[in-house]
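> Based on what follows, work out the 3D shape:
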Amino acid sequence: MSAPPETFGLNTSFAIKRWPEPERWAALIRSLGVQTVQFSFDLLDPCWPATVTGPQTRRILRACEAEGLRLDSAFLGLAAYSYNALLHPEPGVRDAAEHWLKLAATLGADMGARATGGPLGGVGVGQVITEALKAEVAERLHRVADHARSAGLEAILVEPTPLRREWPHTPEQLGDLLARTSGTAVPLRVVLDLGHVYYPPLYGHAAGLGPWLDACGERLHGLHLQQTDGQADRHWNFTRPGIIDLAAIRAELDRHGLGDRPAVLEVFYAFEQDDDEVWEDVRAGVAVAQDAWRSAAPAS
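Alright, predicted model coming up:
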């Protein structure tokens with residue numbers, strides 16, 4: 001019997017604007033001893049012409065196979081997150097956001113991922129997330145799920161964010177969204193980012209992973225790991241001090257019976273930072289986080 005895949009993984013966010021070629025980032029990830037990968041759409045815009053995206057997805061598939069990587073999922077990156085997306089005040093922009101998610105589902109399946117998705121978007125200052133808008137977003141996600149099933153994906157993903165103008169941003173809102181999207185063609189599953197849920201300026205003493213795990217239960221797809229001081233969505237590596245204790249996180253997952261879910265390190269660096277310095281920090285931070293994650297695993 002083969003061993004189950006290691007749950008610790010790495011998002012390709014570290015590679016944006018530095019190592020854009022699939023063969024280069026795949027080889028770098030493999031050199032770290034990491035097998036589970038989450039692709040960031042900051043390296044490939046789904047809206048590029050098909051004559052560009054087709055060859056790119058085939059290169060990603062081949063590069064991952066060549067390096068023995070398991071492409072768990074493909075995730076919305078910084079570029080797409082900057083848009084208001086499915087909650088934009090203009091219906092035409094919301095239509096475009098739905099189209100983007102369908103393109104991402106197609107490309108994700110083509111590159112070998114089993115799920116795609118990300119944050120849903122947000123309204124503008126002074127605007128309200130109405131019941132009608134929530135219902136519309138749910139309808140759009142049903143259509144995206146239909147498309148994802150046709151493409152061959154297992155699930156579509158949503159990531160809560162700690163902003164009052166975005167939805168969902170509380171465990172209660174996440175539960176509402178999951179109820180509205182029950183019965184989709186492929187399930188809507190949840191990615192929880194530690195820097196989002198450990199954010200006391202919004203959640204106060206309730207900040208933490210537990211309430212979110214209670215809200216999504218088995219519909220948790222996985223975690224985004226990052227180090228943070230709890231004052232912003234830092235996406236620091238674990239070379240820096242912070243409030244995230246990976247051993248405690250792993251124990252919390254196990255208490256909820258969710259210890260088999262992917263936990264993917266997602267770190268970002270300033271574009272102007274020295275490239276060698278960035279790689280050294282990636283290498284050192286992955287070693288620290290991977291060791292902590294493995295050490296906290298329950299004895300088999």
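> need the strands for this protein, in chain order.
Taking DSSP state E as the criterion, the chain contains strands spanning 8-11, 36-40, 70-75, 115-118, 155-158, 188-193, 220-225, 263-265.
> The third one - which strands sit beside it in the sheet, and in what orientation?
Taking DSSP bridges as the criterion, strand 70-75 sits next to strand 36-40 (parallel), strand 115-118 (parallel) in its sheet.
> Can you tell me which of these is packed in deepest?
With neighbours taken as mean count of other C-beta atoms under 10 Å, these reach their highest mean count in strand 115-118, at a mean of 26. Backbone N, C-alpha and C define where each C-beta goes, glycine included.
> got the contact list for it?
Strand 115-118 has contacts (C-beta atoms under 8 Å, 6 or more residues apart in numbering) with 41, 72-77, 80-81, 101, 104-105, 107-109, 148, 153-159, 188-189, 191, 221.
> That strand: how far from the chain's middle?
Between the mean C-alpha point of strand 115-118 and the mean C-alpha point of its chain there is a distance of 7 Å (C-alpha atoms, centre = their mean, to the nearest Å).
> now swap in stretch 127-140 and tell me
Here stretch 127-140 is found 22 Å from its chain centre; the criterion is C-alpha atoms, centre = their mean.
> Can you report how many residues lie near Phe8?
24 (other C-beta atoms under 10 Å).
> The one 10 residues further on too?
Counted with other C-beta under 10 Å, the burial measure for Arg18 works out to 16 neighbours.
> Ok, Ala179 next?
Burial measure for Ala179: 9 neighbouring residues, criterion other C-beta under 10 Å.
> Check Ala96 too.
Taking other C-beta under 10 Å as the definition, Ala96 ends up with a neighbour count of 16.
> how close does it sit to Leu86?
10 Å (C-beta to C-beta, to the nearest Å).
> swap in Pro46?
Computed as C-beta to C-beta, the Pro46 to Leu86 distance reads 15 Å.
> which one of those two has more residues nearby?
For Pro46 against Leu86, the residue with the higher neighbour count under other C-beta under 10 Å is Leu86, and the figures read 25 against 21.
> my read: that one touches Glu98, true?
Yes: contact between Leu86 and Glu98 holds when scored by C-beta atoms under 8 Å: they sit 6.8 Å apart.
> anything in contact with each of those two?
Taking C-beta under 8 Å, 6+ apart as the contact criterion, the common neighbours of Leu86 and Glu98 are Arg140.
> Tell me, how many residues neighbour Ala109?
22.
> How about Thr130?
The burial count assigned to Thr130 is 10, neighbours taken as other C-beta under 10 Å.
> what bridges to Ala263?
According to DSSP bridges, the partner residues bridging Ala263 are Phe8, Leu223.
> Contact partners for it?
The neighbourhood of Ala263, defined by C-beta under 8 Å, 6+ apart, consists of Thr7, Phe8, Gly9, Gly222, Leu223, Leu225, Ile249, Arg250, Leu253, Trp293.
> Among these, which one sits closest to Gly92?
Gly222 (32.8 Å; C-beta to C-beta).
> in the stretch 51-200 of the chain, which spans are helices?
Listed in chain order, the helices of the stretch 51-200 of the chain (DSSP state H, counting those that start in this stretch) span residues 78-81, 91-110, 131-151, 171-180, 194-197, 200-203.
> Among those, single out whichever gets nearest to Arg240.
Comparing these against Arg240 with C-beta to C-beta, the closest turns out to be helix 194-197 (12.2 Å).
> what comes into contact with that closest one?
159-162, 203, 207-209, 211-212, 223-226, 228, 232-235, 244, 249.
> Any buried residues in stretch 273-291, and which?
Judged by neighbour count (16 or more other C-beta atoms under 10 Å), stretch 273-291 contains these buried residues: Val278, Trp279, Asp281, Val282, Gly285, Val286, Ala289, Gln290.
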